[in-house]
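build me a model from this:
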Amino acid sequence: MRDFLINPNVRDFLTSLADGDLNIATEFVWIIIATALSMVGGAIGGMLLAGKDIGYQFSAMLGALFAPAGVIPAILLGLAALNFLTNY
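Residues are numbered from 1 along each chain as shown. Predicted coordinates for the structure are as follows:
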């Protein structure tokens, strides 16, 4: 693990991720993080909305599957707007 963190490529990537630099690698990481968080939020929302009616596990699964459908396009548009605005 120590060798992994000493690697200059990994160190530069983590620095650019923490600084808020937008490049293709950091954008993919932010999309993955946003998708995972939206799946968790969708599962919780699905359980709250329809847990008693169709079962908690099924509603959590449906919520986790449908939540990224709205989040991923919004994240892509937001990252494109941020990338556009950093040029000015």
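
can you tell me the SS state at the residue most central in space within the chain?
Note on the chain: the residue nearest the mean C-alpha position is Ala34, at 1.5 Å, using CA atoms, centre = their mean. Three states are possible here, and by DSSP: H, G, I helix; E, B strand; the rest coil the one that applies to Ala34 is helix.

does it touch Ile75 like I think?
Yes - Ala34 is within contact range of Ile75, at 4.7 Å (criterion: CB atoms under 8 Å). All C-beta spots, glycine's among them, are computed from the backbone N, C-alpha and C.

that older thread, and the residue nearest to the centre of the chain, what does it touch?
The neighbours of Ala34, taking CB atoms under 8 Å, 6 or more residues apart in numbering as the test, are Val71, Ile72, Ile75.

any chance of a PyMOL selection covering the buried ones in those?
Applying 16 or more other CB atoms under 10 Å to these leaves a buried subset, and the PyMOL line that selects it is:
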select buried, resi 71+75
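
can I get the contacts of Ala34 in a markdown table with distance to Gly63?
Output for the contacts of Ala34, formatted as a markdown table (distance: CB to CB, whole Å):
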| residue | distance to Gly63 |
| --- | --- |
| Val71 | 12 |
| Ile72 | 15 |
| Ile75 | 18 |
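
of the contacts of Ala34, closest to Ala18?
Closest to Ala18 out of the contacts of Ala34 is Ile75 (18.8 Å), distances taken as CB to CB.

the closest one: what's it in contact with?
Contacts were defined as CB under 8 Å, 6+ apart; by that measure Ile75 touches Trp30, Ile31, Ala34, Thr35.

quick one: which of those is most hemmed in?
Of all these, the most densely surrounded is Ala34 (18 neighbours; neighbours counted as other CB atoms under 10 Å).

Asp21 versus that one, what's the distance?
With the distance defined as CB to CB, to the nearest Å, Ala34 ends up 17 Å from Asp21.

please apply the same query to Ile54.
The gap separating Ile54 from Asp21 is 44 Å, by CB to CB.

same question, Arg11
The separation that Arg11 has from Asp21, given CB to CB, amounts to 14 Å.
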